[in-house]
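> Structure here, sequence nowhere to be found:
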C-alpha cells in the first residue's frame, strides 16, 4: 500500500511539473513586461526607521508635520504604480501632527507621551483595510460591504496611537483576507513595487507593498495562515507573527471565532528590524509581559540554531527555489561563523503542513467562509457565484468562490482527530527541540513572488507559513536580498511559544549581516 502511495505521489508531482512547465511561459508572457521602476527618493526622512523618526521629532530635529507630509506625498506618488492605498485620512493626520508639534515646542510633554511610553510620537502609521481605523473603510474587499467605515479603532491601532503614532491610511487586502494575492472587486489588484507583474501577497499585501515603497514609516498586519509573513517576503520587509494569544485581534473584519482565534495574530510590518520589538512591546497584552521577557537582552551568539531547507517533501507544495535554499544556508552559516550551535534537522511531519492547517481551520468552529461571504447574514451559494463569474458578472473573486466550493465538498471529519493529534505531536517536537534558547530557520515561502493569478495553480504554498499559525509559535519574516529575477527572497525565524524576543533578535542580527530591506527605487541622497 505504501509503495502504491509513493508511486501515486510521484506520478502527481511529475504531472504537475509538466503543467507548470507549460503555464510558466504563459504567465511570463502575460506579465513580465509590466514593470515600471518606482520614482526615486531624495528626502532622507523616507529612509529612516520609525523609532529614529520618533527620536528626531522629540529632539526637535524635524517636525511631525514635516515627517507626516513627506510620507503622505510619497504614498500619493507611488500609489498609481502599485494600487495599495484604499482609504486615507491625510488632512486629519496633518492636523494631529501639528498638535504634536505644538506640544513638543512648548517643552511641556505629558508623562503619557514620555520617550519610553510613546516611542512613535508623531510618526505616520498605516494598516491593512481589515483592521479598523475610525472613519476609514472596513470592507475586507467584500463588495456587499462597499461604503462600510469603521466606527472605532482596533485595539492594535489604539495601542499605537497611545504611543504617539498617527494613522494616515489603510491598504488593500484579498477578499475576506483568505487568499495570498491582494485583489478584490472593490479596490482591484495591488502590484509589487519590485515588479508590477507580480503579486504583493495577502492578505496584508497592500501593507507590505506600501512599506517597501517608502510610503509609510511603520505598519500593522494580521496573520492566520501567513498574511503578515508572505507579504513581507514578497515585498522584502520584516514582519512578526506573535505567539498565539499575546496580542489582541479585536477590531478586525472578519473576526476569528472559537478555536480560530488561536490561529490569528496581529503584528508589526516594517522596513527596518529596529521597529519590530518596540511595536510588539506596545501591542503585547500586559498579562503576557512576564512570560515574554521583552525587556531582557538577547545574546544571539548563545542561542542554538536549527534549520531545514524545505518541508521534507510535501506532495502539493512547489519545490523550494534554489536561491531560497541558499538563503537558509547563508543564515545558518552566519551563525556557525559566530561559533553558535547550528544543526540541520528533519521534522518529517512538516510535509503535512497543508493538511493539518486545512483540517484545523475547517473544524475550528469559526463561521463558515460562505457565511462570511454573505456578510454574516446569509451564506452564499458558491456554485451560483461561479456561474455569475463565468457570465462576466462577478460578485466575488475566483479564489473566494473556489474556497467556498472546497468548503462545501469537504467530507473528511474522521481525519480531523488524526491531523489534530499530528499537530500536537509536531508542537511537542518543536517545543522540546527549541527549548528556551533555540530558533528554527525555514523558508517563508517556497518561491519568490509569483506573477499575478499564478497562485491559482500554487494554492497550498502558503503551508510554509500556515503551519506555525496552528502551532501557535512565534515567527519573524526576514528579507535576505533579491534573487536573480530582482525580486525579494527571505526566510522566517521560528521560536518556541513566548520566545518572540529571540526570533526578533535573530532578525536584527540577520539584517546586520545581509542588509535587510533593499529599496525598489533609486535613492538620491
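Perfect, I can see it now. The shown structure was predicted, so the numbers you read here are calculated from the model rather than taken from an experiment.
> so where's the stretch 1-150 of the chain shaky on pLDDT?
1-9 (pLDDT under 70).
> now the helices: where do they sit in it?
Assigned by DSSP state H, counting those that start in this stretch, the helices in the stretch 1-150 of the chain fall at 2-31, 50-58, 64-82, 90-105.
> For those helices, give me a markdown table that also has mean neighbour count.
In this view, the C-beta of every residue, glycine as well, is placed from N, C-alpha and C. Compiled in a markdown table, those are given as follows (neighbours: other Cβ atoms under 10 Å):
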| stretch | mean neighbour count |
| --- | --- |
| helix 2-31 | 12 |
| helix 50-58 | 22 |
| helix 64-82 | 21 |
| helix 90-105 | 17 |
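> would CSV of the ones you listed with distance to residue 127 be doable?
Compiled in CSV, the helices of the stretch 1-150 of the chain are given as follows (distance: least, Cβ to Cβ, whole Å):
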stretch, distance to residue 127
helix 2-31, 28
helix 50-58, 13
helix 64-82, 13
helix 90-105, 13
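> now for these, which one comes closest to residue 346?
Nearest to residue 346 among the helices of the stretch 1-150 of the chain is helix 2-31 (17.6 Å), distances taken as Cβ to Cβ.
> Which elements pack onto that closest one?
Applying 3 or more Cβ pairs under 8 Å, 6 or more residues apart in numbering; DSSP states H and E, we find helix 2-31 packed against no helix or strand.
> circling back: mind checking the helices of the stretch 1-150 of the chain for the one nearest to residue 291?
Closest approach to residue 291 among the helices of the stretch 1-150 of the chain is made by helix 50-58 (24.1 Å; Cβ to Cβ).
> between that closest one and helix 90-105, how many degrees?
Between the axis of helix 50-58 and that of helix 90-105 there is an angle of 60 degrees, by axes from the mean of the first three to the mean of the last three Cα atoms, to 10 degrees.
> Show residues contacting helix 50-58.
Residues from elsewhere that reach helix 50-58 (Cβ atoms under 8 Å, 6 or more residues apart in numbering): 45, 48, 62-64, 67, 100, 104, 115, 118-123, 164-165, 217-218, 270, 272, 274-275, 278-279.
> Looking at those, which are in strands?
For the contacts of helix 50-58, the ones inside strands are 218, 270, with DSSP state E as the criterion.
> Just the buried residues out of the contacts of helix 50-58, in ChimeraX syntax.
Provided next is the ChimeraX selection string for whichever of these are buried by 16 or more other Cβ atoms under 10 Å:
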select :45,48,62,63,64,67,100,104,118,119,120,121,122,123,164,165,217,218,270,272,274,275,278,279
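> coming back round to it: among the helices of the stretch 1-150 of the chain, which is nearest residue 264?
Each of the helices of the stretch 1-150 of the chain has some distance to residue 264 by Cβ to Cβ; the shortest is helix 50-58, at 23.9 Å.
> what angle separates that closest one from helix 64-82?
Using the same axes, to 10 degrees, helix 50-58 lies at 140 degrees relative to helix 64-82.
> Would you mind pulling up the elements that the helix or strand containing residue 440 packs against?
Residue 440 belongs to strand 438-443 when assigned by DSSP states H and E. Helices and strands touching strand 438-443, by 3+ Cβ pairs under 8 Å, 6+ apart, are strand 304-307, helix 322-337, helix 413-434, strand 488-495, helix 500-514.
> what's the angle from the last one to strand 488-495?
In this case it means helix 500-514. 150 degrees.
> contacts for helix 500-514?
238, 240, 242-243, 246, 272-274, 276-277, 280, 292-294, 296, 298, 300, 303, 330-331, 334, 437, 439, 474-476, 478-481, 493-495, 516.
> Just give me how far the next helix or strand after the strand holding residue 440 sits from the chain centre.
Counting by DSSP H and E, the next helix or strand C-terminal to strand 438-443 is helix 463-471. Relative to its chain's centre, helix 463-471 lies at 12 Å (Cα atoms, centre = their mean, to the nearest Å).
> what residues does helix 463-471 touch?
223-226, 229-230, 241, 263-265, 311, 314, 316-317, 350, 353-354, 356-357, 360-361, 423, 426-427, 430, 442-446, 475, 492, 494.
> 6 Å - rerun?
For helix 463-471, contacts defined as Cβ atoms under 6 Å, 6 or more residues apart in numbering pick out 224-226, 229-230, 263, 317, 353-354, 357, 360, 423, 427, 443, 445, 475, 494.
> Flag every buried residue along stretch 480-498.
So for stretch 480-498, counting by 16+ other Cβ under 10 Å, buried means 480-483, 487-498.
> What average pLDDT does that stretch get?
Averaged over stretch 480-498, pLDDT sits at 98.
> which residues touch the nearest residue to residue 130 once chain neighbours are set aside?
Distances taken as Cβ to Cβ, 6 or more residues apart in numbering place residue 140 nearest to residue 130, at 4.6 Å, with adjacent residues excluded. Residues counted as contacts of residue 140 (Cβ under 6 Å, 6+ apart) are 130, 173, 176, 177, 253.
> quick one: which of the residues you listed has the most company?
Counting neighbours by other Cβ atoms under 10 Å, residue 173 leads the contacts of residue 140 with 35 neighbours.
> So what angle separates the directions of the strand holding residue 440 and strand 488-495?
Here strand 438-443 runs at an angle of 150 degrees relative to strand 488-495 (the same axes, to 10 degrees).
> Strand 438-443 pairs with which strands, and in what direction?
strand 304-307 (parallel), strand 488-495 (antiparallel) (DSSP bridges).
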